[in-house]
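K.L.:
Need the 3D shape of this:
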Amino acid sequence: MALNFCSHRCFFFIAAVLSVFATTLSMSQQQASDSCNGIFLSYTYNGGIKLQPNLTDSAAQPSRFESTLTVLNNGLVELKSWKVFVGFRHREWLVSASNAVLADGTSIPGAVGNGTVIAGSSVIDLKTAAATAGDLTQMQVKVDMVGTVVGVVPPSVPMPSIINLANDGFICGEAISQGNNETHVCCTSDPNYKTNITTNEKFLPRQNGDLTIMYDVIKAYNSNYWAEVTISNHNPLGRLDNWKLSWNWTNDEFIHTMKGAYPSNIDSSNCIFGSQGEFYKELDFSNVLNCEKRPTIIDLPPTRFNDTQLGKVPFCCRNGTLLPPYMDLTMSISRFQIQVYKMPPHLNRSSLTPPQNWEIKGDTINPDYKCGAPIRISPSQSQDLTGLPSNISSIASWQVVCNISTKSSSKSDSPKCCVSFSAYYNESVIPCSTCACGCPSNQERTCSATTPAMWLPSKALLVPFENRNEFAHEWASLKNLQVPNPTPCGDNCGVSINWHVNSDYEKGWTARITIFNWGETNYADWFAAVQMDKGAIGFEEMYSFNGSLLERLNTTIFMQGKKGLNFLVAEANGSNPRRDPRVPGKQQSVISFRKKNKDEINVVGGDGFPSKVFFNGEECSLPSVFPSNGLRNEFSLATIMILILLSSMLIQY
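P.N.:
Predicted structure coming up:
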């Protein structure tokens, strides 16, 4: 009995202490926020537990963490589309976050160990106290986060290195810690920041990016709405083939009907067995297209453009091809319409929420895009299709900005094309780098993934890599080159490009570019681009391709196949498949350059080679060295030897 009485007293004592601690913490936060005349940010670690398995290495031990991010607008201007950078640094994995998404479009759960920007989802804009009479529900948002942290085991506290407002035009002070589990900072307007937003404007301005997606609500009803989605490519070297667009619904929405595009998976089972089926009892779900939380949308083929049920949408039905605007402005836009059904409590015309975590990617050789969170902008205007001289305004509009991401070291981000270098003054070809486009992690392979690629004779470029071994060994024997053991692996690239310096004379020089397709995919309307820091400005003419110097990037030469010759075929069997190796698809052209004076460019010294090469928007892997001028080297060495010999003779004399 005494033990039970003690346990009850202990429990109430601990509860009282925790209550006092929580009250003290809340009061300290309140005092800190009251002294901030701007945007107040706070991050509080609420607790955590050690997770299975129990590891002997504490640096690898996973633990659960729970925390709360608070964003409060104490300023005089409404904070639109709030974004906060949280400097996670302990290999955190975010499992859930209320009222927020990851601003780069990454889905939750996701890795955030290098820090991440969190953006609002349900509460996007934060109003001021003056505009709301101090209503915290409109001024403040709380993001409750749950995740996994590695190497920080309770009672140790995994705090971020920094929290900062990521919106433009703000300066954040030095973060202040409260105990070991709370940090806060005050961010105020930067007086030196220039913006085109006035306090009277209701929406944020449209932003620029490599690719933008517009989500325009064009019809609104109580239970559903129609949205028009427009994808626009703005990058002169960006491209998508067979684009696939995906997003997350945040309020159990589902797709009933589409025009101009289609879900990759037609499935209404999630609705039938879910809350949607319970609410829409009279709805025929056999006509519903998709009920996935994260649907994937694909474009329709051109044959569906005039289809009265699926087509009849401008810029639709291109098999998912988005070309650079420089090639064809009309082919740089793709559009479709979608009918979205909503769920309670959002059953009114004005309750409109865009999907989150947008992602778009292409097929085969295309750049990778990272998309931000949708931002509310002024309603889009479109021309009246009936011919009347008036514009039609959308009901609500959101813009998603996507930019081409930089390559990382992960296998999935390996290039998909590579470049070899050769020149008229050197018989050897410097081939694509070993594993330029990645190598399978097969421990049983007999080739080396790290050994530099062996130099080759030019004829070896015409055969697949697996048939080059004999050429490489013969060439190494002939040129006294080293033969590594094991021999290097191939480049594993679907497309390879050879850049050959063809000639160099007083008033100009020439190069030859050859594009090889080693894959099974034909490339229609292909394009390539080469960036040359010094050589591009002297570009004169391209003979078998259409080529020009880009105005926006005056160091970049853009090239594409001429009309009727813009189809790069796939690899095919040789004339005798039992004996001859497979033959790549091939396109080739000579390029001429002029020199204003003979000293402006050193072609042989490296100025005749590109610093970057792109194929269909994908940046290709380049060799790390240029072909050397063997004749000049030999001549210089011979000259030096003669001088040494003469010097020794003179000394003896």
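K.L.:
which residues of the stretch 501-650 of the chain fall in strands?
P.N.:
508-517, 523-524, 527-531, 539-542, 545-549, 556-561, 567-568, 585-594, 612-615, 618-619 (DSSP state E, counting those that start in this stretch).
K.L.:
Make CSV out of those and add mean neighbour count.
P.N.:
C-betas here are computed from N, CA, C, even on glycine. Listed next are those as CSV, based on neighbours: other Cβ atoms under 10 Å:
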stretch, mean neighbour count
strand 508-517, 22
strand 523-524, 18
strand 527-531, 23
strand 539-542, 16
strand 545-549, 17
strand 556-561, 22
strand 567-568, 18
strand 585-594, 18
strand 612-615, 22
strand 618-619, 22
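K.L.:
Let me know which of those is the nearest to A129.
P.N.:
strand 618-619 (48.9 Å; Cβ to Cβ).
K.L.:
still on that earlier bit, save the strands of the stretch 501-650 of the chain as a markdown table, and put in distance to K281 and mean pLDDT too.
P.N.:
Below are these laid out as a markdown table (distance: least, Cβ to Cβ, whole Å; pLDDT from 0 to 100):
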| stretch | distance to K281 | mean pLDDT |
| --- | --- | --- |
| strand 508-517 | 55 | 94 |
| strand 523-524 | 48 | 90 |
| strand 527-531 | 53 | 94 |
| strand 539-542 | 65 | 92 |
| strand 545-549 | 60 | 92 |
| strand 556-561 | 55 | 93 |
| strand 567-568 | 53 | 90 |
| strand 585-594 | 56 | 94 |
| strand 612-615 | 54 | 94 |
| strand 618-619 | 50 | 92 |
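K.L.:
Switch those over to TSV; also include distance to K244.
P.N.:
What follows is the strands of the stretch 501-650 of the chain, written out as TSV (distance: least, Cβ to Cβ, whole Å):
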stretch	distance to K244
strand 508-517	22
strand 523-524	18
strand 527-531	21
strand 539-542	33
strand 545-549	29
strand 556-561	24
strand 567-568	22
strand 585-594	25
strand 612-615	20
strand 618-619	16
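K.L.:
Ok, which of those strands comes nearest K219?
P.N.:
Of all those, strand 523-524 comes closest under Cβ to Cβ, at 35.7 Å.
K.L.:
For that closest one, what is the distance to the chain centroid?
P.N.:
23 Å (Cα atoms, centre = their mean, to the nearest Å).
K.L.:
Ok, stretch 63-83 next?
P.N.:
26 Å.
K.L.:
Can you tell me how far A436 is from C418?
P.N.:
4 Å (Cβ to Cβ, to the nearest Å).
K.L.:
what do those two both touch?
P.N.:
Listed as contacting both A436 and C418 by Cβ atoms under 8 Å, 6 or more residues apart in numbering are 491, 493, 621.
K.L.:
and the second one, that's in a helix?
P.N.:
The one in question is C493. No: with DSSP: H, G, I helix; E, B strand; the rest coil as the criterion, C493 is located in coil rather than a helix.
K.L.:
give the contact list for it.
P.N.:
415-418, 432, 436-437, 518, 620-621.
K.L.:
So in this protein, where's the weakest helix or strand by average pLDDT?
P.N.:
Among the helices and strands of the chain, helix 630-652 carries the lowest confidence by mean pLDDT, DSSP states H and E, at a mean of 45.
K.L.:
can you list the domains in this structure?
P.N.:
29-189, 211-407, 417-438+448-620 (the TED database).
K.L.:
Could you pull up phi and psi at R89?
P.N.:
Main-chain torsions, R89, degrees, to the nearest 10: phi -150, psi 10.
K.L.:
what's in contact with stretch 460-468?
P.N.:
Defining contact as Cβ under 8 Å, 6+ apart, one finds that stretch 460-468 is touched by 420, 429, 431, 456, 471-472, 475, 490-491, 496, 498, 514, 516, 518, 571, 581-584.
K.L.:
who wins for proximity to L289 among the strands of the stretch 501-650 of the chain?
P.N.:
Checking the strands of the stretch 501-650 of the chain against L289 by Cβ to Cβ gives strand 523-524 as the closest, at 28.8 Å.
K.L.:
tell me what the closest one is packed against?
P.N.:
strand 567-568 (3 or more Cβ pairs under 8 Å, 6 or more residues apart in numbering; DSSP states H and E).
K.L.:
so what strands line up beside the strand it packs on?
P.N.:
The strands that strand 567-568 pairs with in its sheet are strand 523-524 (antiparallel) (by DSSP bridges).
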